[in-house]
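**Q** dropping a prediction and its sequence here:
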Amino acid sequence: MSARQGLRLFGLLLLPLLFGVLAVGGVLFLRQGGFAPYRIPRDSQRTVAVDPAILARGEYLAHVGNCAACHTTRGGVAFAGGRAFKTDAGTLYSTNLTPTRDRGIGDWSADEFAHAMRNGVSRDGVLYPVFPYAHFAGLADADLDALYAYLHSLPATASTIPANRLDFPANWRPILIGWRMLYYRPVASAPATPPTAPDERGRYLVDALGHCAMCHSARGPRGSLPAEGYLAGGSIPGVGWYAPPLDRRQLDRYSVAQLADYLRYGTSDQGSAYGPMAEVIYDGLRVLSADDAVAMAGYLKTIAEHAQPPAQPASTEAPPADTVVAVDGRAVYKRACADCHGADGEGKPGVYPPLRGAVAITAPDPLNAVRMVLYGGLPITSQGNPRPHSMPPFVQHLSSAEIAAVVNLLRHDWGGRPSDLRAADIEAMHGIEID
Ligand code: HEC
Ligand code: HEC
Ligand code: HEC
């Protein structure tokens with residue numbers, strides 16, 4: 001057989017493989033929406049009606065949807081962008097949403113805006129999924145128009161947004177098409193007008209506008225959000241806090257009214273919001289109307305329970321002698337914690353949260369509990385909680401061994417979690433960034 005014949009035979013053998021790859025690629029490409037997401041409606045001239053009621057609704061939606069929080073830097077002009085987001089692949093920055101023509105949305109039509117919100121593709125290219133477009137895809141036409149009208153009513157503010165610092169290949173936007181083929185399945189359809197019946201409204205606010213699943217779902221590979229992880233709880237990439245499952249078992253200890261309070265005010269008799277959840281409420285949910293808060297709470301309490309999240313595997317190595325916890329957690333609790341959280345972890349209604357059943361105590365991951373003890377917390381100030389009581393940081397007052405002992409005790413006794421933190425584990429968490 002000549003070299004040329006050999007090559008030909010080789011080519012014939014490869015052909016089915018090539019067709020196979022193309023066929024699979026084609027199917028995956030169709031499943032992420034085909035070509036439609038990449039056809040930006042640049043020629044559309046559609047304008048939206050503007051009146052004070054529409055602008056007020058747009059402003060409400062922009063807060064509940066947390067656009068303000070993600071698109072504003074600390075101390076910066078609201079909606080002018082530039083906030084940094086850390087991901088496994090590096091840091092990226094949010095964009096300017098004010099109507100400036102210089103990298104803002106000043107010359108975008110209403111259709112171009114709606115297209116970016118629903119498809120995650122804008123004239124700047126394919127967008128990173130830190131922008132919760134997969135959730136916003138479910139927003140009603142009328143709500144997208146109200147958001148557009150509100151953002152266009154803001155003062156146009158030029159802002160300098162740092163260039164993203166992402167590793168190769170994540171820094172190359174077209175690679176996101178591959179990510180979408182593997183992990184992104186578009187929402188089937190969005191309503192023309194937002195639902196008003198309380199149960200549907202609750203689901204709409206949680207799933208579409210509130211994008212609660214961004215933090216509260218169990219993530220799959222490469223930051224994906226597989227359907228089976230929906231609101232099943234997980235650690236939030238980039239920040240390390242653990243967000244609990246949202247379902248009727250987790251939220252059983254709240255009445256609908258208490259849960260609605262938690263969502264609007266950040267505090268309730270069952271616990272207060274801290275870490276990223278405090279931010280979500282402070283910058284956003286705080287403006288919720290009473291009806292919307294109750295609708296969300298009602299929906300959350302109907303979600304079927306997820307399988308219990310597995311406990312962190314207990315380490316099997318024998319701890320080095322100098323880090324063995326030889327401290328009585330009970331004595332530490334009595335001395336340092338019981339005054340506020342109660343001898344039996346029952347808390348003080350309206351003042352200090354209970355620890356029995358608290359997220360940090362029952363979570364599969366001990367990080368929230370350790371963070372709270374190290375650095376303390378101040379619930380947010382809100383209409384429903386005008387003078388919040390704080391928890392002091394213990395990083396200077398308790399040794400790492402004492403912190404490990406008390407957290408192990410509480411998680412074991414009141415959370416039903418095996419917990420074998422050692423002084424060295426606490427030390428390793430000393431460096432975590434406080435946000
Ligand atoms: C969790 C943070 C987060 C939230 C919440 C969020 N965004 Fe963004 N958004 C981003 C980031 C980050 C980008 C930049 C993505 C990129 O560069 O690929 C972005 C991009 C965008 C874009 C594309 C802009 C362009 O120039 O291409 C639009 C439009 C947008 N966001 C609108 C909104 C609106 C409206 C809301 C509220 C309903 C909102 N975003 C909520 C983080 C967020
Ligand atoms: C940026 C990430 C983030 C987003 C977005 C987010 N959460 Fe949370 N949430 C957390 C974290 C972390 C906790 C655990 C800390 C705490 O309890 O305050 C939490 C706790 C909670 C709790 C307390 C559960 C319990 O058992 O006490 C509720 C209820 C809740 N979130 C509801 C929501 C809803 C509803 C949304 C959407 C509107 C939402 N969260 C969006 C991060 C987030
Ligand atoms: C001065 C009163 C006070 C003392 C003392 C105190 N706490 Fe707290 N604790 C609070 C408050 C207030 C919060 C809510 C903080 C927030 O929402 O930011 C809290 C929250 C917590 C949480 C999070 C609960 C949840 O909902 O997930 C844990 C865990 C915790 N405390 C453990 C401890 C431990 C352990 C000690 C002793 C080492 C202690 N606290 C001492 C007031 C106190």
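**A** It's in. Residues are numbered from 1 along each chain as shown. Ligands and ions are numbered 1, 2, ... in the order given.

**Q** what packs against the longest helix seen in the chain?
**A** In the chain, assigned by DSSP state H, the helix with the most residues is helix 3-31. Where contact means 3 or more C-beta pairs under 8 Å, 6 or more residues apart in numbering; DSSP states H and E, helix 3-31 is packed against helix 175-183. C-beta: built from backbone N, CA, C; applies to glycine.

**Q** elements contacting whichever helix or strand comes after the helix it packs on?
**A** Counting by DSSP states H and E, the element after helix 175-183 in chain order, helix or strand, is helix 198-204. Under the contact criterion of 3+ C-beta pairs under 8 Å, 6+ apart, helix 198-204 touches helix 290-300.

**Q** which ones are touching Ser419?
**A** By C-beta atoms under 8 Å, 6 or more residues apart in numbering, the residues touching Ser419 are Pro366, Val407, Asn408, Arg411, His412.

**Q** from the residues you listed, list just the buried residues.
**A** Applying 16 or more other C-beta atoms under 10 Å to the contacts of Ser419, the neighbour count classes Pro366, Val407, Asn408, Arg411 as buried.

**Q** shouldn't the last one be in contact with Asp420?
**A** It stands for Arg411. No: with contact defined as C-beta atoms under 8 Å, Arg411 does not count as touching Asp420 (9.8 Å).

**Q** tell me the buried residues in the longest helix of the chain?
**A** For helix 3-31, the neighbour count (16+ other C-beta under 10 Å) marks Leu28 as buried.

**Q** just confirm Gln258 is within a strand.
**A** No: looking at Gln258 with DSSP: H, G, I helix; E, B strand; the rest coil, it is helix, so not inside a strand.

**Q** how deep is it tucked in, by neighbour count?
**A** Per other C-beta atoms under 10 Å, the neighbour tally for Gln258 reads 17.

**Q** find the nearest non-adjacent residue to it, please.
**A** Among residues not flanking Gln258 along the chain, Ser268 sits closest, at 4.4 Å (C-beta to C-beta, 6 or more residues apart in numbering).

**Q** and the one you found, how many neighbours?
**A** Residues lying near Ser268 (other C-beta under 10 Å) number 24.

**Q** quick one, what contacts it?
**A** Contact analysis of Ser268 by C-beta under 8 Å, 6+ apart lists Tyr254, Gln258, Leu259, Asp261, Tyr262.

**Q** one step back: and the longest helix of the chain, average pLDDT?
**A** Averaging pLDDT along helix 3-31 yields 87.

**Q** how near is Tyr242 to ligand 2?
**A** The spacing between Tyr242 and ligand 2, counted by C-beta to the nearest ligand atom, to the nearest Å, is 6 Å.

**Q** that should have said Val294, apologies.
**A** For Val294, the distance to ligand 2 equals 12 Å [C-beta to the nearest ligand atom].

**Q** what sits against that residue?
**A** By C-beta under 8 Å, 6+ apart, Val294 lies in contact with Pro198, Val256, Ala257, Ala260.

**Q** Ala208 too?
**A** Ala208 is in contact with His135, Phe136, Ala137, Gly138, Leu139, Ala190, counting by C-beta under 8 Å, 6+ apart.

**Q** next up, phi/psi of it, please.
**A** Main-chain torsions, Ala208, degrees, to the nearest 10: phi -90, psi -70.

**Q** show the contacting residues for whatever residue of the stretch 101-250 of the chain ends up closest to ligand 3.
**A** Ligand 3 sits closest to Pro244 of the stretch 101-250 of the chain, with a gap of 8.8 Å, by C-beta to the nearest ligand atom. If you count contacts by C-beta under 8 Å, 6+ apart, Pro244 has them with His216, Gly233, Gln250, Val359, Thr362, Ala363.

**Q** would you check which pair of the residues you listed lies furthest apart?
**A** Among these, the pair separated by the greatest distance (C-beta to C-beta) is His216 and Thr362, at 14.8 Å.

**Q** between these two, which has more neighbouring residues?
**A** Neighbours per residue, other C-beta under 10 Å: of His216 and Thr362, the larger number sits with His216, 24 against 19.

**Q** enumerate every residue touching the more buried one.
**A** By C-beta under 8 Å, 6+ apart, the residues touching His216 are Leu231, Ala232, Gly233, Gly234, Ala243, Pro244, Pro245, Leu246.

**Q** tell me which two in those are the farthest apart.
**A** Longest span within the contacts of His216, C-beta to C-beta: Gly234 and Leu246, 11.3 Å.

**Q** looking at the two, which one has more neighbours?
**A** Between Gly234 and Leu246, counted using other C-beta under 10 Å, the more crowded position is Leu246 (23 against 20).

**Q** next, the more buried one: secondary structure please.
**A** coil.

**Q** just give the closest residue to it, not the sequence neighbours.
**A** Excluding the flanking residues, the one nearest Leu246 by C-beta to C-beta, 6+ apart is Leu231, at 4.4 Å.

**Q** quick one: contacts for the one you found?
**A** Neighbours of Leu231 in contact, by C-beta under 8 Å, 6+ apart: Cys212, Ala213, His216, Ser217, Pro245, Leu246, Asp247, Ile303, His306.

**Q** can you tell me if stretch 113-122 touches ligand 1.
**A** Yes: interface with ligand 1: stretch 113-122 contributes Phe113, Ala116, Met117, Ser122 (C-beta under 6 Å from any ligand atom).

**Q** and the residues you listed as a markdown table, adding distance to ligand 2 and secondary structure?
**A** Formatted as a markdown table, the residues of stretch 113-122 next to ligand 1 follow (distance: C-beta to the nearest ligand atom, whole Å; DSSP: H, G, I helix; E, B strand; the rest coil):
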| residue | distance to ligand 2 | secondary structure |
| --- | --- | --- |
| Phe113 | 22 | helix |
| Ala116 | 20 | helix |
| Met117 | 17 | helix |
| Ser122 | 22 | strand |
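
**Q** what about the residue nearest the centre of the chain, helix or strand, and which?
**A** By C-alpha atoms, centre = their mean, the chain has its centre lying nearest to Cys215, at 2.9 Å. Using DSSP H and E, Cys215 falls within helix 213-216.

**Q** continuing past that helix, what's the next helix or strand?
**A** Using DSSP H and E, the next helix or strand after helix 213-216 towards the C-terminus is strand 234-235.

**Q** quickly run through the sheet partners of that following strand, with directions.
**A** As defined by DSSP bridges, the strand partners of strand 234-235 come to strand 242-243 (antiparallel).

**Q** can you give me the strands for the chain?
**A** 84-87, 90-93, 121-122, 125-126, 165-166, 234-235, 242-243, 267-268, 271-272 (DSSP state E).
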